[in-house]
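Visitor: here is a sequence with its predicted model. Questions after.
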Amino acid sequence: MTLPPARKLLEAARQVQREKDETKDELDGRDPRFTRKELGDRLGWSKDQVARAIAPLEADYLDVRSEGSGYTYRVKVDAGEAAADDLGLLSVEELVRRIEEHADDEELRPYLKAIGL
């Protein structure tokens, strides 16, 4: 099965991002970014191919920054791939514990009832 161009480009962007993140210390802690050219070189695509495939990703999947004569990119956190700790999310167990702590709180009762607790 052949991946759609945008999906293939996103996978390449994630690979480039992982590689660049490994060199983060060399950049004084700044978040490394990549360019369209780097993606094109990785995929063997022309500028036009990269431009067409990257356009639908820019709003939801990539952090875009205008720098100098072009743009640089960083893959946004992908909740499907990121660890819960990286996102600051509570575990299910911790969430249940916190809800149980406040089960008698009159102000929260309508909300707890709404979610079946």
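Guide: Perfect, I can see it now. Please read these numbers as outputs of a predicted model, since none were measured by experiment. Numbering: from 1, shown residues only.
Visitor: where does the closest residue to Arg36 other than its chain neighbours sit, in terms of helix or strand?
Guide: In space, Arg36 comes closest to Val50 once its chain neighbours are excluded; the distance is 4.8 Å by Cβ to Cβ, 6 or more residues apart in numbering. For glycine as for every other residue, the C-beta is placed from the backbone atoms N, C-alpha and C. Using DSSP states H and E, Val50 falls within helix 47-54.
Visitor: hang on, the earlier thing: so what's the residue count around the residue nearest to Arg36?
Guide: Applying other Cβ atoms under 10 Å, we find 22 residues neighbouring Val50.
Visitor: for the chain, which spans come out with low pLDDT?
Guide: 1-3, 24-29, 78-90 (pLDDT under 70).
Visitor: what comes into contact with the helix or strand encompassing Tyr111?
Guide: Using DSSP H and E, Tyr111 falls within helix 109-114. With Cβ atoms under 8 Å, 6 or more residues apart in numbering as the contact definition, helix 109-114 has outside contacts at Ile99, Ala103.
Visitor: in PDB, could you pull the C-alpha coordinates for it?
Guide: The C-alpha trace of helix 109-114 is given here as PDB (Å, rounded to 0.1, in the frame of the first residue of the first chain):
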ATOM      1  CA  ARG A 109     -21.800  16.800  42.400                       C
ATOM      2  CA  PRO A 110     -23.700  17.900  39.100                       C
ATOM      3  CA  TYR A 111     -20.500  17.300  37.100                       C
ATOM      4  CA  LEU A 112     -19.800  14.000  38.700                       C
ATOM      5  CA  LYS A 113     -23.400  12.900  38.100                       C
ATOM      6  CA  ALA A 114     -23.100  14.000  34.500                       C
END
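Visitor: sorry, back to before: which strands border whichever helix or strand comes after the helix holding Val50, and is each parallel or antiparallel?
Guide: Counting by DSSP H and E, the element after helix 47-54 in chain order, helix or strand, is strand 62-67. Strands that pair with strand 62-67, judged by DSSP bridges, come out as strand 70-75 (antiparallel).
Visitor: fine by me, thanks again.
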